[in-house]
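A.B. asks: structural data only, the sequence is not supplied:
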């Protein structure tokens with residue numbers, strides 16, 4: 001952005017579903033800590049992953065040890081820095097990189113974040129992580145219906161929804177939190193349960 005490096009942190013699970021992403025000006029201990037803390041906020045201690053696969057940047061080790069000390073992360077969680085295990089996130093990240101490059105770069109951080117959030121949200125939708133929001137009759141022919149769903153969603157702009165939060169309902173706690181909101185949105189979008 002304006003000739004300066006910025007970093008997009010991303011987390012996926014072993015099924016390849018996007019859990020969360022974080023846009024940062026720096027790649028340091030604090031940025032890694034903020035990102036991992038953001039990812040863990042929706043998980044109870046019992047439902048946290050047993051292992052975290054990261055690249056070999058030293059900031060992750062410091063962030064993980066700090067999260068363990070503060071009680072955000074279980075003490076038995078193992079960090080693995082194995083190159084081939086990190087290939088999943090790198091290959092999942094490639095389409096986003098391609099889209100960002102095709103925009104010609106960003107000049108304003110807020111607009112960069114909004115655009116990347118949109119790219120990530122649509123990517124998550126295309127991966128099928130949002131299919132539980134489709135009507136029962138729409139689940140048969142997903143590509144066309146995902147598009148129809150997005151059209152319905154954006155045609156009801158007065159029912160603004162934090163799309164990223166709704167898409168990334170991967171934890172039971174977060175799903176419960178959005179049940180009430182989902183009911184209201186489902187009524188306006190005519191979504192079956």
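C.D. replies: Nice, thanks for sending it over. This one's a predicted model, so the numbers in the text were calculated from it and none came from an experiment.

A.B. asks: the longest helix along the chain: which residues count as buried?
C.D. replies: The longest helix of the chain (DSSP state H) is helix 109-126. Neighbour-count burial for helix 109-126 flags 112-113, 116, 119-125 (criterion: 16 or more other CB atoms under 10 Å). Placement of C-beta: from N, CA and C, glycine included.

A.B. asks: columns pLDDT and distance to residue 97 on top of those, output as CSV?
C.D. replies: What follows is the buried residues of helix 109-126, written out as CSV (pLDDT from 0 to 100; distance: CB to CB, whole Å):
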residue, pLDDT, distance to residue 97
112, 78, 13
113, 74, 16
116, 77, 10
119, 77, 10
120, 79, 12
121, 75, 16
122, 74, 15
123, 77, 12
124, 75, 16
125, 73, 19
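
A.B. asks: of all these, which comes closest to residue 17?
C.D. replies: Closest approach to residue 17 among those (CB to CB): residue 124, at 7.8 Å.

A.B. asks: correct me, but that closest one touches residue 16?
C.D. replies: No - Residue 124 is beyond contact range of residue 16, at 10.8 Å (criterion: CB atoms under 8 Å).

A.B. asks: for the longest helix of the chain, packing partners?
C.D. replies: Packing partners of helix 109-126 (3 or more CB pairs under 8 Å, 6 or more residues apart in numbering; DSSP states H and E): strand 18-24, helix 87-102, helix 142-155, helix 163-167.

A.B. asks: so it versus strand 18-24, what angle?
C.D. replies: Going by axes from the mean of the first three to the mean of the last three CA atoms, to 10 degrees, helix 109-126 is angled at 170 degrees with respect to strand 18-24.

A.B. asks: now residue 67: closest residue in space that isn't a chain neighbour?
C.D. replies: Excluding its sequence neighbours, the residue lying closest to residue 67 (CB to CB, 6 or more residues apart in numbering) is residue 73, at 4.0 Å.

A.B. asks: tell me how the protein divides into domains.
C.D. replies: 7-125, 130-189 (automatic domain parsing).

A.B. asks: least reliable of these going by mean pLDDT?
C.D. replies: Lowest mean pLDDT within those: domain 130-189, a mean of 56.

A.B. asks: tell me which element residue 79 falls in.
C.D. replies: In this structure, residue 79 is located in strand 78-80 according to DSSP states H and E.
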